[in-house]
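>>> take this sequence and fold it.
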Amino acid sequence: MRIFIVLTFFATVGIVCAQNEPYALGADISKIQQDEKSTKYYRNGQAKDLFIILKESGFNYIRLRLFVDPTAKVTEDKPNSDGWSASPYSTAGYCGLDSTIKVAKRIKAAGMKFLLDFHYSDTWADPGKQYKPMSWRNLNFTQLTEKVRTYTKESLQAFKNNGVLPDMVQVGNEVVGGMIHPDGQGNTQNFATLVNAGIMGVRDVDANIKIMMHTITRHNNTDPDSWFATLKSNLNKVEANAANKIDVIGLSYYPMWHGDLNNLSRVLTALASKNNIKIAVVEYADFHRQVNDLVYNLPDNKGFGTFVWEPQWFDGDSSKPLFDWKNNPAGRHSNARLELYPQMAIDYGLSNNTQPSSSSRAASSSSIASSSSVASSSSMASSSSVESSSSSAEDITPVLSANPVKNIEGIRIYFDGSRVLIKKTSPNGKERIFDLKGKER
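Here you go, the predicted model:
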């Protein structure tokens, strides 16, 4: 009888898990084609393809940016004080359509999902600049709207023809101040019209592709929830129920610009409480475990996932990459921060095949404790912090799961690095932990 109950419950677990998309443990490595021409990547001293390193470390999603014409010189772009210029982004065409398709093939070959980030520009689009592509400069607003749709459609059709259709698409990059300036700037209805055109271009190719809108964690004291509410209202004016086409709201989070972890927690909580939508931190480069814990533990499974930004090299804005430069042998070598990810993959129910080192498990425990001080109501508690109870364990059937399960009717099953443990939350909020023999820990 006990075996029957276990198997029945295990089958139910499988059904529940199948209905929920796995947490996205992602990375943006758009610059990889440039970087690997002169750089080798190492994990634990062994040179490997970066895609393989990330896959082995628990990553399951890759994000790539796409420019209309990365070889174009943008009129408004001026070199900064160091002489650096944002355009042409790449005379070799990196992050253009053909180049990005080649990288997308490597994503799929590695067995990971693919997020495509349309910038709708020839170079970087961010809150301060959303330059209209040079080849679109003579279009009026009606023509521009149609161009956004056809360009989106034709680009995605090219990915489809090559067998690498994205699983998700970003319609614009950090569009907190609109997109394709000046047409989509300072006029929220025009902005929504352009966004809807991009969404329609996606739907023209495949209605199953997820749609993400990308803003930032904070901008001039205007929180993303109010920005998103305005966008949804205006989208529905363009087309009835158009706002329902958005599947995920994505945030950029860089502490130097967007505040501390408490601010991130506050913004995530507000978005989750006011919107029935998945939420992602689609750019971050510091506080790796803490950011993921905050997103993963959002209520009602609203945490879609995260995408660490250019982890193979980026160390600007006080960020912390996952690889460090070393000269012997020369190249980028994985560091302790990368070793946080295999444990996250296990804790979030993504893999039982990763091999986190003992140091990564120690770092994971420390990070969980740290993030719980930021938002204790949403952070994962370790078994040592759960209040013990003398109640009988007979009302819970131990279940061995090949993959950890997030939440099933008040029960969380997870792997602590050496064993499977079961955490049960009672209706009054009390938490109890059991091992597979039913013994309370």
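>>> what's in contact with the longest helix along the chain?
Longest helix of the chain, by residue count under DSSP state H: helix 141-161. With Cβ atoms under 8 Å, 6 or more residues apart in numbering as the test, helix 141-161 has contacts from 66, 68, 97, 101, 104, 116, 118, 120, 132, 136, 139, 165-166, 169, 171, 180, 183, 190, 193-194, 197-198, 200-202, 204-206, 209. All C-beta atoms are positioned from the backbone trio N, CA, C, and that covers glycine.
>>> cutoff 7 Å now
66, 97, 101, 104, 118, 120, 136, 139, 165-166, 180, 183, 190, 193-194, 197-198, 200-202, 204-205 (Cβ atoms under 7 Å, 6 or more residues apart in numbering).
>>> quick check: closest non-adjacent residue to the residue nearest to the spatial centre of the chain.
Nearest to the geometric centre of the chain sits residue 306, at 2.7 Å (Cα atoms, centre = their mean). In space, and not counting its chain neighbours, residue 306 is closest to residue 281: 4.6 Å by Cβ to Cβ, 6 or more residues apart in numbering.
>>> surely residue 167 meets residue 116?
No: the pair residue 167 and residue 116 fails to qualify as a contact (Cβ atoms under 7 Å) at a distance of 8.8 Å.
>>> for the helix or strand hosting the residue nearest to residue 306, name the packing helices and strands.
Assigning secondary structure by DSSP states H and E places residue 281 in strand 278-284. In terms of contacts (3 or more Cβ pairs under 7 Å, 6 or more residues apart in numbering; DSSP states H and E), strand 278-284 is packed against strand 210-216, strand 248-253, helix 261-274, helix 288-296, strand 303-309.
>>> give the buried residues for that strand.
278-284 (16 or more other Cβ atoms under 10 Å).
>>> mind giving me the domain ranges of the protein?
23-373, 381-434 (automatic domain parsing).
>>> may I see those domains arranged in JSON lines, with mean pLDDT as well?
Below are these laid out as JSON lines (pLDDT from 0 to 100):
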{"stretch": "domain 23-373", "mean pLDDT": "92"}
{"stretch": "domain 381-434", "mean pLDDT": "49"}
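>>> my guess is residue 212 meets residue 228, correct?
No: using Cβ under 7 Å, residue 212 is not in contact with residue 228; the gap is 11.8 Å.
>>> between these two, which one's more packed in?
residue 212 (22 against 19; other Cβ atoms under 10 Å).
>>> is that one bridged to anything, and to what?
Judged by DSSP bridges, the bridge partners of residue 212 are residue 170, residue 248.
>>> enumerate every residue touching it.
Residue 212 touches 168-170, 247-248, 250, 280, 282, counting by Cβ under 7 Å, 6+ apart.
>>> what of residue 338?
Residue 338 neighbours (Cβ under 7 Å, 6+ apart): 57, 322-323.
>>> with residue 68 instead?
120-122, 133, 135.
>>> put the buried members of those residues into a ChimeraX selection.
Remark: buried members of the contacts of residue 68, expressed as a ChimeraX selection using 16+ other Cβ under 10 Å:
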select :120,121,122,133
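>>> and stretch 331-338, what's buried?
331-334, 337-338.
>>> quote the end-to-end distance of it.
Stretch 331-338 stretches 16 Å from its first residue to its last (Cα to Cα, to the nearest Å).
>>> and the residue nearest to residue 306, what does it touch?
251, 253, 291, 295, 306.
>>> residue 118 now?
Counting by Cβ under 7 Å, 6+ apart, residue 118 has contacts 66, 152, 169-172, 198.
>>> give the burial count for residue 39, as a bare number.
16.
>>> so it sits in a strand?
No: according to DSSP: H, G, I helix; E, B strand; the rest coil, residue 39 belongs to no strand; its state is coil.
>>> pretty sure it sits against residue 332.
Yes: applying Cβ under 7 Å, one finds residue 39 in contact with residue 332, separated by 5.7 Å.
>>> ok, back up a step: make TSV out of the contacts of residue 118 and add neighbour count and distance to residue 88.
Output for the contacts of residue 118, formatted as TSV (neighbours: other Cβ atoms under 10 Å; distance: Cβ to Cβ, whole Å):
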residue	neighbour count	distance to residue 88
66	26	15
152	25	22
169	27	25
170	25	22
171	26	24
172	26	21
198	25	24
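>>> out of these, who's nearest residue 261?
Comparing those against residue 261 with Cβ to Cβ places residue 170 closest, at 24.2 Å.
>>> for the stretch 101-250 of the chain, what spans make up the helices?
Under the criterion DSSP state H, counting those that start in this stretch, helices of the stretch 101-250 of the chain are mapped to 141-161, 188-205, 224-238.
>>> list the buried ones in the first one?
Within helix 141-161, the residues scored as buried using 16+ other Cβ under 10 Å are 144-145, 147-149, 151-153, 155-156, 158-159.
>>> re earlier: tell me the most buried of the helices and strands packed on strand 278-284?
strand 303-309 (a mean of 26; mean count of other Cβ atoms under 10 Å).
>>> so what does that one touch, helix or strand wise?
Using 3+ Cβ pairs under 7 Å, 6+ apart: strand 303-309 touches strand 24-28, strand 61-66, strand 278-284, helix 288-296.
>>> ok, now with 10 Å
In terms of contacts (3 or more Cβ pairs under 10 Å, 6 or more residues apart in numbering; DSSP states H and E), strand 303-309 is packed against strand 24-28, strand 61-66, strand 113-118, strand 248-253, strand 278-284, helix 288-296.
>>> show residues contacting the helix or strand following that strand.
Scanning forward in sequence from strand 303-309 by DSSP H and E, the next helix or strand is strand 323-327. Strand 323-327 is contacted by residues 39, 41-43, 45, 50, 53, 311-315, 331-338 when judged by Cβ atoms under 10 Å, 6 or more residues apart in numbering.
>>> ok, strand 323-327: who's next to it in the sheet?
strand 330-334 (antiparallel).
>>> so which residues make contact with the strand it pairs with?
35-36, 38-48, 50, 53, 57, 311-313, 321-326, 341.
>>> next, the angle from whichever helix or strand comes after that strand to strand 24-28.
Helices and strands here follow DSSP H and E; after strand 330-334, the next one along the chain is helix 340-347. Comparing the axes of helix 340-347 and strand 24-28 via axes from the mean of the first three to the mean of the last three Cα atoms, to 10 degrees yields an angle of 160 degrees.
>>> what's helix 340-347 packed up against?
Using 3+ Cβ pairs under 10 Å, 6+ apart as the contact test, the elements touching helix 340-347 are strand 24-28, helix 50-56, helix 288-296, helix 358-374, strand 411-415.
>>> which of residue 167 and residue 116 has more residues huddled nearby?
Neighbours were counted for residue 167 and for residue 116 using other Cβ under 10 Å; residue 116 has more, 25 against 18.
>>> brilliant, that's me finished.
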